[in-house]
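Novice: Give me a model of this one.
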Amino acid sequence: MQLHQLRYVICVAEEGRFTRAAARLHVAQPSVSSAVAALEQELGAPLFHRAPGAVVLTGAGEAFLPWARQVLADCESGAAAVRDLLGMGRGRLAIGATPSLTTNLLPPVLAAFHAEHPGLEITLHEAGSQVLLRLLEEGEMDVAVLILPVQNAWIDTAPLREEELVLAVWAGHPLAAQASIDVDDLATVPLVMFKDGYDLRQATISACRGAGFAPRLVMQGLEMDGALAMVRAGVAAAVVPESVIPASGPLRRVRFRGGALTRTVGLASRRDRPFSPSARAFVSALRRHFAAGQEGRAPAGSALTAGPRKAE
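Specialist: Numbers count the residues shown, from 1 in each chain. Presented below is the predicted three-dimensional model:
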């Protein structure tokens, strides 16, 4: 089994045609076909159903594809680690974060980190926590900033900070003048709601159900920017992290009494992969930012640190 065969399998799966995969890879189509066929013979099972109009994965192909991606990602990470040893003037760093964190918390950290390491090529994957966990498993990212807790045997996590969730409303909303409300008060409040799989969606629905009612949803499937835009437009309110609402502007924040709704922002990384120097430097920069005072204090008991780690 050779790395180029894995690349060919991944590309054919993504393109759905051998000819398109060959064009993307800049190789002859017969070379792609023969390499994939040789791999299938080695594995003892076909990876693709070949039809005149399209090529689709077999059951064996679906099982093999995530491992092929992981192997290639691990090889790239090994090369990146060597580049890092030559100095962080060049190299790559792949970071994941949820949309609510990229709205306000991460930009100043990334700006300062980029200024300190301008030669690093930084890739930011923005998605819900469950998608980020999958990308970490597949080796697509070095570290993710997401919402805890997560349950995954492959992943190490550590808390960074506790964040309060508040109700975002526009200035003319009936609750805009109130400093705080109870969760029960949401029973009569129309809400805009985030996509399936987003932690904020689950947190809001769970809180409402725990109080004995189902939330009134007037619009669903939104990202953070879209939800805030709908609130500003007066469509409905939304439960969001306090940090995404500017101190001055058209939006108002209404707290829940007793800190009824909170979430834990944390770090996640592959348990079996030690941090590269660039990832370690980013984690250190992130912790310094949160420890500066304005972002709150990281919870105790952190297991994932910025120092060297051994693969377990």
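
Novice: right, and the helix or strand after the longest helix seen in the chain?
Specialist: The single longest helix within the chain, with elements called by DSSP state H, is helix 59-85. Following helix 59-85 in sequence order, the next helix or strand is strand 91-97 (DSSP states H and E).

Novice: going on from that following strand, what's the next piece of helix or strand?
Specialist: As assigned by DSSP H and E, the chain's next helix or strand after strand 91-97 is helix 99-103.

Novice: now that next one: how far from the chain's centre is it?
Specialist: Relative to its parent chain, helix 99-103 has a centroid offset of 10 Å by C-alpha atoms, centre = their mean, to the nearest Å.

Novice: Can you tell me which helices and strands that helix packs against?
Specialist: Contact here means 3 or more C-beta pairs under 8 Å, 6 or more residues apart in numbering; DSSP states H and E; on that basis helix 99-103 packs against strand 120-126, helix 224-232. From N, CA and C alone the C-beta is placed, and that goes for glycine too.

Novice: Could you pull up the mean pLDDT of that helix?
Specialist: The average of the pLDDT scores along helix 99-103 is 87.

Novice: angle of the helix or strand following it against strand 91-97?
Specialist: Per DSSP H and E, the first helix or strand lying C-terminal to helix 99-103 is helix 106-116. Angle between the axes of helix 106-116 and strand 91-97 is 170 degrees (criterion: axes from the mean of the first three to the mean of the last three C-alpha atoms, to 10 degrees).

Novice: got the angle between helix 106-116 and strand 120-126?
Specialist: Going by the same axes, to 10 degrees, helix 106-116 makes 170 degrees with strand 120-126.

Novice: CA-only coordinates of helix 106-116 in CSV, if you can.
Specialist: Extracted in CSV, the C-alpha atoms of helix 106-116 (Å, rounded to 0.1, in the frame of the first residue of the first chain):
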residue,chain,number,x,y,z
LEU,A,106,-10.6,34.0,18.8
PRO,A,107,-9.9,36.9,16.4
PRO,A,108,-7.6,38.9,18.8
VAL,A,109,-5.7,35.7,19.7
LEU,A,110,-5.2,34.7,16.1
ALA,A,111,-4.2,38.3,15.1
ALA,A,112,-1.5,38.4,17.8
PHE,A,113,-0.3,34.9,17.0
HIS,A,114,-0.1,35.6,13.3
ALA,A,115,1.9,38.8,13.9
GLU,A,116,4.3,36.8,16.1
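
Novice: Do a quick rundown of the strands in the stretch 201-312 of the chain.
Specialist: 216-222, 238-241, 251-256, 262-270 (DSSP state E, counting those that start in this stretch).

Novice: what's the most buried one of those?
Specialist: strand 238-241 (a mean of 26; mean count of other C-beta atoms under 10 Å).

Novice: residues in contact with that strand?
Specialist: By C-beta atoms under 8 Å, 6 or more residues apart in numbering, the residues outside strand 238-241 that reach it are 100, 163-168, 186, 191-193, 200, 203-204, 207, 224, 227-228, 230-231, 261, 263.

Novice: which residues of this protein score low on pLDDT?
Specialist: 80-90, 293-312 (pLDDT under 70).

Novice: Can you give me every residue that contacts the residue nearest the centre of it?
Specialist: Nearest residue to the geometric centre of the chain (C-alpha atoms, centre = their mean): L132, 3.6 Å. Contacts here follow C-beta under 8 Å, 6+ apart; on that basis L132 touches 96-98, 125, 141, 144, 146, 268.

Novice: any idea which element it lies in?
Specialist: If you go by DSSP H and E, L132 is part of helix 129-137.

Novice: What pairs with whatever helix or strand comes next after that helix, parallel or antiparallel?
Specialist: Next in sequence after helix 129-137, counting helices and strands by DSSP H and E, comes strand 143-148. Neighbouring strands of strand 143-148 in its sheet, by DSSP bridges, are strand 91-97 (parallel), strand 262-270 (antiparallel).

Novice: No further queries at this time; thank you.
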